[in-house]
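Peer 1: Predicted model and sequence below, questions to follow.
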Amino acid sequence: MSNRLPFSVSKTESFYEKLGDWIGDVFYDILPESGFEVRDEQIYMAFQLEKAFKEKKVMFAEAGVGTGKTIAYLLYALCYARYTNRPAIIACADETLIEQLVKKEGDIAKIEAALGLNMDVRLAKSRDAYLCLNKLEAAMVREEGDLFQDVFHQLPDFVHGKGSMQTFSKYGDRKEYPHLEDEQWNQIAWDSVQDCFSCHQRHRCGQTLHRDYYRNAKDIIICSHDFFMEHIWTKDSRKREGQLPLLPESSCVVFDEGHLLEYACQKALTYRFTEQTLEKLLSRIMANDVREKTLHLMEDAIYESEAFFSLLEDVSQETLGSEKRKVEKTKNVLNTASRLLSILQAVEEELVFESELYVINEYDLKVVEEYLEQITYSLSLFVRSQKGITWFEHHSGERTLVIMPKLVEDIMRIEVFSQEKPYIFSSATLSDNQSFNYIAQSLGIDDYLYFSVESPFNYEDNMNIKLPTFKVGNMLEKLSYIKNEIIRSEGRALILLNNQEEMHIIKTHLSDLPYPSYFEGDAEISTLVSHFQNEEHSVLCSIHLWEGLDIPGRSLENVLIFSLPYPPLDPVFEAKREGASDPFEQVDLPYMLLRLRQGIGRLIRTHDDKGTVHILLEENTNEQVFSKIKNILPTIKKS
C-alpha cells in the first residue's frame, strides 16, 4: 500500500472504503473551510466516480458547466495513482485545456493548497509543440534577419556545447516563443519526417529530455487527446525499434472533453503524403554517390509525384470552411497513383542495395526508408481501398494527400478499452437526447457506466441571450452589430468563428476597435488567452475555443457566435453523412447543437459571472432548427 496516500489504510481495511470516507471529508469539511464553493452536483459526481474506479470500468460523466468536475476526477486520479503506484493520465482535448489545468491559479494548484498536497504533475506535450534543433539551424541559414538567431541564442548553454546539464532543464516548448506566429513556428518545430531516435542532437534535444522527465511522474501525466492516441498507435512499433512508448503504463485515464475523442482517434490513424517532403528527402539521397539506376528511379519518382499532385489539384474541389478539398478518384487519378506507387516500391528495393554500399548517411537513409514505407502503404490504400476518407490540402506552398479511416471502433475496442482499468469521460456534452449509445458505439465501448448532472448556475438571472437575425449575405450588418455590442460592453468579448474565412472578415473589419484585439494564429494560443484574461477591456477572436476556455470575472461578458457552427462540407463529415439515413438530423444538427452548447458555456464560469450570449442567425433559419436551438439554451431568450 502506498504511504503517499492522503489518508491512512491498514492491511485489514478496504482502500475504497477509506477513499470514500476521505472524499466525504474533503467535500463536506476541508474544501468549504478553505473557501471553496462546494456544490451538491459536484458531490454527487464524486461519489458516482467511485464505482468506475472500484469496478475498473468506462464511465461517461456528463456534468454541466460549473459542476466542478475537474476537482472531482483529479482527487480520484491522484489517489488511484498512488494506490497502484502507476501514474494517472489526464488527456485533454487540446493544449489550451492543458494550460487551464496547470496554470498558477488552476485547479491543481488550488487542490494542493487546500489539502496540503504536493502532487507530482507533469506535462506530455505533442511533438510538434517542441523546437527542432536541426530545423532551427536550417532556418537560420535560409532566413535573413534576427528572428531565428534570437531563438538560437536564447537556448541553454549546454545545447551550444558549453558545459553539461546538471539537472533537468525544460526548454524548446512552443509556449516559450509566444511572439512567433504559427507559420514561423512551423519552420523550426518538430515534424514527422525526422528520425529523432538516431539524431546526433538527440541528447541535447528539449523534446527528448522532456520525454524522460514526464515518464517518471509519480502521480499524474497530462497530455492532449491527439498525443494519447499517437501513443496508442505507435507503442508497438516503438517497442520493436528499441524505443520506449510515448507514455508509460498508467493506472487510469481521464478524457476531459471526452466527446471530442473520436476525431483524435481518426487523426492518429491518418496517413499524410506530402509532395515537397518526398522531393526533399529523395534529393537528399541523390546528393550521395548512389548508383545510376537508383538515381534515375528517384528522378522518375519526383517527376511522377509532381504529375500526381498536379492532377489531384486539378480534380479536387474546395469545401467551404475547411482546408480539406474533395478528391474524385477518376480512372486517370488511380492510374497515375498506381504508376507512382510502382516507382516508389522500386526505389525501396534499390535502397536495400545502397545500404550495403555504405555511401549514404545512415540517418538520412533511415528517415527516407521509413517515410517511403509509410507512403507506399498509404498509396496502396488510396488505390485499392474504398473504406478510407481521402482529401487533398494545398497551403503554404505544400501539396498533401491525406487518408483517414472511416471507423475506429474496432481498433479502440482492442487497443484501449479491452484493458481492465478505469476510463473516465468528462464533459458537459456527452449524451444525445439523454442516451450515451452514440459515443459508446463510435469508440468501440460495449460496457459502461454513466450519469448526468445539470449545471448549478442560475442562468435565468445571470445570462442574457440574444438571437438577432440578418438577411442572407448581409455581412456588413452583422459586422456592425458585433462592433456595436463590443463597444457597448467596452471590450470584454469573445467572438467564436467557424473557419478561416470568417476570421479574415472579422480581422479586416474590426481593426479599428478602441480595444486590444487578439486573433487566433497571430501568436501562441495560451499567450493570447492570458492577454485576454488579464486585459479586462480586450477582445479575443477564435475558431477553436468553443470548449475548454475558462475566463471567470469581468474579462468576459460578451460571447458573440458569428454563425451557427455546422460541420464543414469536407470529406470527413461527408463520410459520416454517407453512413446516415438522415444526414442532417443524424450528423449536421447534433454536431451544431453540441458545439453551440459548448460555445454558450464559455460565458458563465462562476456564480458571480454575468453577461450576454449573441447567436447571430440568418432570416431563413428553419423553424425546426430554431426550435431545437431554443431547447438547448440554458435560459429563455430575454431580448
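Peer 2: Yep, that arrived.
Peer 1: Residue 416 is in contact with residue 232, isn't it?
Peer 2: Yes: taking CB atoms under 8 Å as the definition, residue 416 is a contact partner of residue 232 at 6.1 Å. For glycine as for every other residue, the C-beta is placed from the backbone atoms N, C-alpha and C.
Peer 1: How far does stretch 208-215 sit from its chain's centre?
Peer 2: Centroid separation for stretch 208-215 versus its chain: 20 Å, with CA atoms, centre = their mean, to the nearest Å.
Peer 1: Residue 559 looks like it's in a strand, true?
Peer 2: Yes: assigned with DSSP: H, G, I helix; E, B strand; the rest coil, residue 559 falls within a strand.
Peer 1: start the count at 666, not 1, going forward
Peer 2: Got it, first residue is 666 now, which makes that one residue 1224.
Peer 1: Enumerate every residue touching residue 672.
Peer 2: With contact taken as CB atoms under 8 Å, 6 or more residues apart in numbering, residue 672 is in contact with 683-684, 686-687.
Peer 1: just these now: which is nearest residue 749?
Peer 2: Closest approach between the contacts of residue 672 and residue 749, by CB to CB: residue 684, at 12.4 Å.
Peer 1: Any idea how many residues pack against the closest one?
Peer 2: Residue 684 has 22 neighbours, counted by other CB atoms under 10 Å.
Peer 1: so what's the backbone phi/psi at residue 1161?
Peer 2: When read as degrees, to the nearest 10, the backbone of residue 1161 gives phi -100, psi 130.
Peer 1: surely it meets residue 1228?
Peer 2: No: with the criterion set as CB under 8 Å, residue 1161 and residue 1228 do not qualify as a contacting pair; they are 9.3 Å apart.
Peer 1: Looking at the two, which one has more neighbours?
Peer 2: A side-by-side neighbour count of residue 1161 and residue 1228, using other CB under 10 Å, places residue 1161 first with 27 against 17.
Peer 1: how far away is the more buried one from residue 1278?
Peer 2: Look at residue 1161 and residue 1278: by CB to CB, to the nearest Å, they are 10 Å apart.
Peer 1: For the two, list the residues in contact with both.
Peer 2: Listed as contacting both residue 1161 and residue 1278 by CB under 8 Å, 6+ apart are 1224, 1226, 1264.
Peer 1: Turn those into JSON lines, columns for distance to residue 694 and neighbour count.
Peer 2: Below are these laid out as JSON lines (distance: CB to CB, whole Å; neighbours: other CB atoms under 10 Å):
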{"residue": "1224", "distance to residue 694": "36", "neighbour count": "23"}
{"residue": "1226", "distance to residue 694": "41", "neighbour count": "23"}
{"residue": "1264", "distance to residue 694": "37", "neighbour count": "21"}
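Peer 1: For residue 1182, state which of those residues is nearest.
Peer 2: Taking those together and measuring to residue 1182 by CB to CB, the closest member is residue 1224, at 15.6 Å.
Peer 1: got a list of what the closest one touches?
Peer 2: Each residue near residue 1224 by CB under 8 Å, 6+ apart is listed here: 1158-1159, 1161, 1264-1265, 1267-1268, 1276-1279.
Peer 1: redo that, cut-off 7 Å
Peer 2: When contacts are counted by CB atoms under 7 Å, 6 or more residues apart in numbering, residue 1224 is found next to 1159, 1161, 1264-1265, 1267-1268, 1278.
Peer 1: ditto for residue 942
Peer 2: With contact taken as CB under 7 Å, 6+ apart, residue 942 is in contact with residue 858.
Peer 1: That one in helix, strand or coil?
Peer 2: Going by three-state DSSP, the secondary structure assigned to residue 942 is helix.
Peer 1: what's the helix or strand for the residue lying closest to residue 1283 once chain neighbours are set aside?
Peer 2: Nearest non-adjacent residue to residue 1283, counting by CB to CB, 6 or more residues apart in numbering: residue 1137, 5.2 Å away. For residue 1137, there is no helix or strand it lies in under DSSP states H and E.
Peer 1: ok, residue 1137 to residue 939 distance?
Peer 2: Taking CB to CB as the measure, residue 1137 and residue 939 are separated by 38 Å.
Peer 1: just residue 768 next, same as before
Peer 2: Taking CB to CB as the criterion, residue 768 is separated from residue 939 by 35 Å.
Peer 1: Tell me which of these two has more neighbours.
Peer 2: Relative neighbour count places residue 939 above the other of residue 768 and residue 939, with 21 against 16, counting by other CB under 10 Å.
Peer 1: give me the number of residues near the closest residue to the more buried one other than its chain neighbours?
Peer 2: Nearest residue to residue 939 in three dimensions, chain neighbours excluded: residue 1065, at 4.5 Å (CB to CB, 6+ apart). Neighbours of residue 1065 under the rule other CB under 10 Å: 18.
Peer 1: so what's residue 1065 bridging to?
Peer 2: residue 939, residue 1058 (DSSP bridges).
Peer 1: what stretches of the chain score poorly on pLDDT?
Peer 2: Within the chain, the stretches with pLDDT under 70 are 666-668, 761, 827-833, 1051-1052, 1072, 1302-1304.
Peer 1: just checking, what packs against the one helix or strand residue 1198 maps to?
Peer 2: When elements are assigned from DSSP H and E, residue 1198 belongs to helix 1190-1199. When contacts are defined as 3 or more CB pairs under 7 Å, 6 or more residues apart in numbering; DSSP states H and E, helix 1190-1199 packs onto helix 760-767, strand 1182-1184.
Peer 1: between the ones you listed, which one is nearest to residue 970?
Peer 2: Evaluated over the helices and strands packed on helix 1190-1199, closeness to residue 970 peaks at helix 760-767, with 33.1 Å, by CB to CB.
Peer 1: relative orientation of the closest one and helix 1190-1199 in degrees?
Peer 2: Between helix 760-767 and helix 1190-1199, the angle comes out at 60 degrees (axes from the mean of the first three to the mean of the last three CA atoms, to 10 degrees).
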